[in-house]
Structures are given as C-alpha cells and as structure tokens.
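K.L.:
missing the sequence, but the structure's below:
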C-alpha cells in the first residue's frame with residue numbers, strides 16, 4: 001500500500017455553505033479498491049483554499065481534529081495542538097503542559113478535550129490552554145466513550161476506565177500485534193479499526209469478534225466514522 005498525504009489545511013466551499021476539511025489523505029491502493037478514483041471525483045466538485053495561518057510551514061501533517069462549539073482543535077505531528085475560534089482562518093498553539101507532541105488522535109467528552117499520544121493520554125479542561133497527564137503512560141492511538149466509560153486503543157490492546165481514569169482494565173488484548181488505530185461507539189456497539197481489520201463488541205467490550213465480511217484483504221483500518 002502506498003499513501004500520499006496532503007500536508008496543508010484547506011477550507012472547501014460548496015455553494016453557500018462551507019465545510020472545514022483539515023486533512024486529506026489520498027490512498028493509492030490496489031487496483032481493485034477504487035478509493036482513489038472516488039476521492040478525486042469528490043475533490044473535483046469543490047474548490048479549495050489554504051487555511052493554516054499560525055501553523056508552522058515546516059510541519060503540517062494533520063493527524064486529528066476535534067470540535068467544541070465554535071472552537072476547532074487540530075493535532076499536528078511533532079508540533080502539538082493548535083486551536084482556532086474563527087472557523088480555521090487563524091490558529092494558535094495550544095500545547096502547554098502537553099509533554100509529548102507525537103499525537104495520534106483528539107476526542108471531546110463534554111468540556112474535556114483528550115489527546116492520545118505516543119507516551120500516554122493527556123486531557124484539558126480549559127479549552128486546551130493547559131494539559132494534564134493521565135494515569136496511562138503507554139502509547140495511545142485512539143479514544144472513544146461509552147456512557148461513563150472511556151476506551152483507549154493502544155498498540156495491541158483496548159483499555160477501559162469506568163471510574164474517571166482512576167483505574168484501567170484491559171478489555172481486549174490481541175495476539176497478532178495489531179495496532180488499535182481507531183475506536184468508535186454507535187448505539188452501544190464498539191468498533192475498533194486495527195492494522196488487521198475491524199473488531200466489534202456488542203457487550204461493552206467484554207467480548208470481541210472480527211467484522212470484516214465484505215471487505216477485500218489485506219485490511220489496515222486507520223479511521224472509522226459514524227453518520
């Protein structure tokens with residue numbers, strides 16, 4: 001698999017409304033995929049405008065996006081978190097207290113912003129003005145929430161806490177060294193995107209099964225979205 005990333009922030013305008021797109025990854029996959037062709041067709045229907053003022057030009061690989069009201073947050077590989085309150089026109093650094101700038105994902109839960117990094121989970125309760133470290137110091141790739149529980153995707157494991165991060169239990173541990181790259185929850189169903197396909201849990205993370213029927217192989221799932 002070959003992957004080419006567009007390393008700039010753009011705002012896409014279509015008719016009277018606009019959609020803020022903060023990272024576009026173009027995957028040049030196997031001939032049977034058709035994903036690249038579909039993506040290019042989608043791009044032809046919109047126009048693009050650069051929107052990265054305030055973000056260093058030397059490193060604009062966007063790994064994650066989070067939205068809270070009118071505030072936007074992006075995680076820039078190696079540069080930390082940046083925030084915007086003007087729909088992405090300008091950005092300001094927002095990494096004070098964030099001890100690791102290798103950020104894989106961002107997630108919002110109420111007024112708390114979480115950052116998954118290569119050296120653990122960090123969180124902010126003041127709109128990313130300051131960050132605090134959690135009790136998890138291992139590499140974290142993804143974050144999701146199920147009722148009052150928080151789930152973390154780490155290397156080959158999924159961790160869960162139901163007591164406000166005081167303690168963590170292992171909800172899943174793989175045997176194939178599959179990274180847990182993405183997590184989502186949809187109507188109580190947990191889906192995990194891994195480097196070996198999709199896992200699904202119907203019982204809050206107690207048990208897991210593969211959910212790859214209909215997909216061509218090999219699978220390497222980087223992101224999952226619920227609509």
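P.N.:
Right, received. Where do you want to start? It should be emphasised that the depicted structure is a prediction, and the values quoted were computed from it without experimental measurement.
K.L.:
need the helices for the protein, in chain order.
P.N.:
35-43 (DSSP state H).
K.L.:
in it, where is pLDDT below threshold?
P.N.:
Residue ranges of the chain with pLDDT under 70: 1-46, 58-59.
K.L.:
can you pull up the most central residue in it?
P.N.:
The centroid of the chain falls nearest to residue 105 when counting by C-alpha atoms, centre = their mean (3.7 Å).
K.L.:
now for residue 55: which residues touch it?
P.N.:
Going by C-beta atoms under 8 Å, 6 or more residues apart in numbering, residue 55 touches 9, 74, 76, 79, 82, 91. Just so you know, the C-beta spots here come from the backbone N, C-alpha and C atoms, and that holds for glycine as well.
K.L.:
and the closest residue to residue 223 other than its chain neighbours, how many neighbours?
P.N.:
With sequence-adjacent residues excluded and distances taken as C-beta to C-beta, 6 or more residues apart in numbering, residue 223 is closest to residue 182, at 5.1 Å. For residue 182, the tally of surrounding residues (other C-beta atoms under 10 Å) stands at 22.
K.L.:
try the one 10 residues further on
P.N.:
Residues near residue 192, counting by other C-beta under 10 Å, number 28.
K.L.:
thinking again about what came up before, mind checking how far the residue nearest to the centre of the chain is from residue 223?
P.N.:
Between residue 105 and residue 223 the computed distance is 9 Å (C-beta to C-beta, to the nearest Å).
K.L.:
now do residue 187
P.N.:
19 Å.
K.L.:
cool, and residue 136?
P.N.:
From residue 136 over to residue 223 (counting by C-beta to C-beta), the distance is 21 Å.
K.L.:
and what of residue 132?
P.N.:
27 Å.
K.L.:
before we move on, what about residue 163?
P.N.:
Distance of residue 163 to residue 223, computed by C-beta to C-beta: 29 Å.
K.L.:
next: residue 165.
P.N.:
Taking C-beta to C-beta, one finds residue 165 at 24 Å from residue 223.
K.L.:
picking that back up, okay, and the beta partners of the residue nearest to residue 223?
P.N.:
residue 193 (DSSP bridges).
K.L.:
show me what contacts it?
P.N.:
105, 141, 142, 153, 192, 193, 221, 222, 223, 224.
K.L.:
does the third one really touch residue 155, like I thought?
P.N.:
Put plainly, it is residue 142. No. Residue 142 is beyond contact range of residue 155, at 11.1 Å (criterion: C-beta atoms under 8 Å).
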